[in-house]
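One predicted model, sequence on top.
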Amino acid sequence: MSRAATTEGTILDGPVELAGDRARARRLVSGAEPFAAGHYPHRAIFPGVLSLELFMATAEALARAHDVNGRVRHVDRLQLLEVIEPGDALDVEATIKERRSDGLLMQCTLSAAGRKKAKATLIVSAEGQS
């Protein structure tokens, strides 16, 4: 059974779809975003820090659905695999891989048109947990 979590105040487009230990969200890179005005001269590319922000918003929504009301406390690995450009419709996925004493270990992927653009491993911990 799937359900949705609101994402107000994040850079995601619309709600996060939740199904068990998995979450999925979307983001259209329109080219009208502030980064497009010159992140790289003469070529608008989506900054890696915004890819991380997409992962964090999706992972935190999934954690809340599993009664972990916290934040991403640790980025174990972030790999930027391909350039993300205006016009890319991004699919963001987060999956709980392990429940640990320090929080939920999650694997995240970012893809567009079936091509993997970035991936990360994150730990989401409740407030006061490290």
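Ah, there it is. Numbers count the residues shown, from 1 in each chain.

Isn't residue 29 up against residue 92?
No. Using CB atoms under 8 Å, residue 29 is not in contact with residue 92, being 11.9 Å away. For the C-beta atoms, the positions are set from N, CA and C on the backbone; glycine is no exception.

ok, these two, which is more surrounded?
residue 92 (24 against 21; other CB atoms under 10 Å).

contacting residues around the more buried one?
By CB atoms under 8 Å, 6 or more residues apart in numbering, residue 92 lies in contact with 12, 24-27, 54-55, 57-58, 108-110.

Let me have those residues in CSV, extended by neighbour count and distance to residue 118.
Below are those laid out as CSV (neighbours: other CB atoms under 10 Å; distance: CB to CB, whole Å):
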residue, neighbour count, distance to residue 118
12, 21, 15
24, 18, 15
25, 29, 14
26, 17, 15
27, 26, 12
54, 25, 9
55, 27, 8
57, 23, 14
58, 29, 12
108, 25, 8
109, 18, 7
110, 26, 4
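
In strands, which of these appear?
Among the contacts of residue 92, the members found in strands (DSSP state E) are 24-27, 108-110.

among these, which two are most distant?
Based on CB to CB, the longest span within the ones in strands among the contacts of residue 92 runs between 26 and 108 and measures 14.0 Å.

For residue 102, see how far away the closest residue in space to residue 57 that isn't next to it in sequence is.
The shortest distance from residue 57 to any non-neighbouring residue, by CB to CB, 6 or more residues apart in numbering, is to residue 10 (3.9 Å). According to CB to CB, to the nearest Å, residue 10 stands 24 Å off from residue 102.

out of those two, which sits in the busier spot?
Higher neighbour count among residue 10 and residue 102: residue 10, with 17 against 13, using other CB under 10 Å.

Report the secondary structure element holding the more buried one.
Per DSSP states H and E: residue 10 is located in neither a helix nor a strand.

from the contacts of residue 92, which single one is nearest residue 80?
Of all those, residue 80 sits closest to residue 110, with 9.0 Å by CB to CB.

Could I get the pLDDT score of that closest one?
Listed pLDDT for residue 110 reads 98.

circling back to that earlier point, closest one of the ones in strands among the contacts of residue 92 to residue 124?
Nearest member of the ones in strands among the contacts of residue 92 to residue 124, counting by CB to CB, is residue 108, at 10.6 Å.
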